[in-house]
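1. attaching a predicted model along with its sequence, questions to come.
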Amino acid sequence: MSEQKEQHNLRPTHVVTCFLQRNDPNDSRILIVQRSQRVGSYHAHWAGISGFVEPGVTPDEQAYTEIREETGLQADQVRMVRRGQVVEHVDEELGRHFYIHPFLFFVLAPERIQTDWEAVDMRWIDPSELRNYQTVPKLPEVYESAIHGEDTA
């Protein structure tokens with residue numbers, strides 16, 4: 001019973017995580033970014049393009065907003081391919097119950113990516129390498145959900 005009570009003290013927090021993949025059948029690498037010290041949590045951890053879902057905004061809309069803000073890519077330079085099932089993560093230290101909305105996008109202009117202040121580094125990696133990086137919680141599971149998600153194209 002006390003464990004359930006603790007869960008109620010956690011703030012439900014909806015976030016999007018977008019995996020950007022080159023629109024090339026011979027290149028299945030995805031973009032990961034290393035979080036800066038200026039973001040609210042998980043400093044120096046690797047992540048997809050991500051952010052909080054703002055009130056009154058759908059996760060789909062927020063995904064495009066985060067991509068634009070964090071990479072400089074406009075909506076016509078990316079294409080949403082899949083939407084995954086929500087992945088949950090409880091972080092007692094932060095007092096949050098995260099609901100992570102996964103997305104997979106094809107990038108039509110990868111050379112145009114310019115990260116903003118939220119990232120200190122970016123890399124194109126094979127998805128199988130995700131577990132070799134210190135990532136935000138559940139990133140490999142979120143990726144799996146994205147690639148096995150419903151087709152949006």
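-> Received it, and whenever you're ready, just let me know what you need. Numbers count the residues shown, from 1 in each chain.
2. kindly list the longest helix within the protein.
-> With secondary structure taken from DSSP state H, the chain has its longest helix at helix 59-71.
3. name the helices or strands packed onto that one?
-> Contact partners of helix 59-71 among helices and strands, from 3 or more CB pairs under 8 Å, 6 or more residues apart in numbering; DSSP states H and E: strand 11-22, strand 49-52, strand 78-83, strand 96-107. Placement of C-beta: from N, CA and C, glycine included.
4. relative to residue 127, which of those strands is closest?
-> Nearest to residue 127, of all the helices and strands packed on helix 59-71, is strand 11-22, at 8.1 Å by CB to CB.
5. would you mind listing the buried residues in that closest one?
-> Within strand 11-22, the residues scored as buried using 16 or more other CB atoms under 10 Å are 13-22.
6. looking at these, which one is closest to residue 149?
-> Among the buried residues of strand 11-22, and counting by CB to CB, the member closest to residue 149 is residue 19, at 10.5 Å.
7. partner residues bridging that closest one?
-> Per DSSP bridges, the residues bridged to residue 19 are residue 104.
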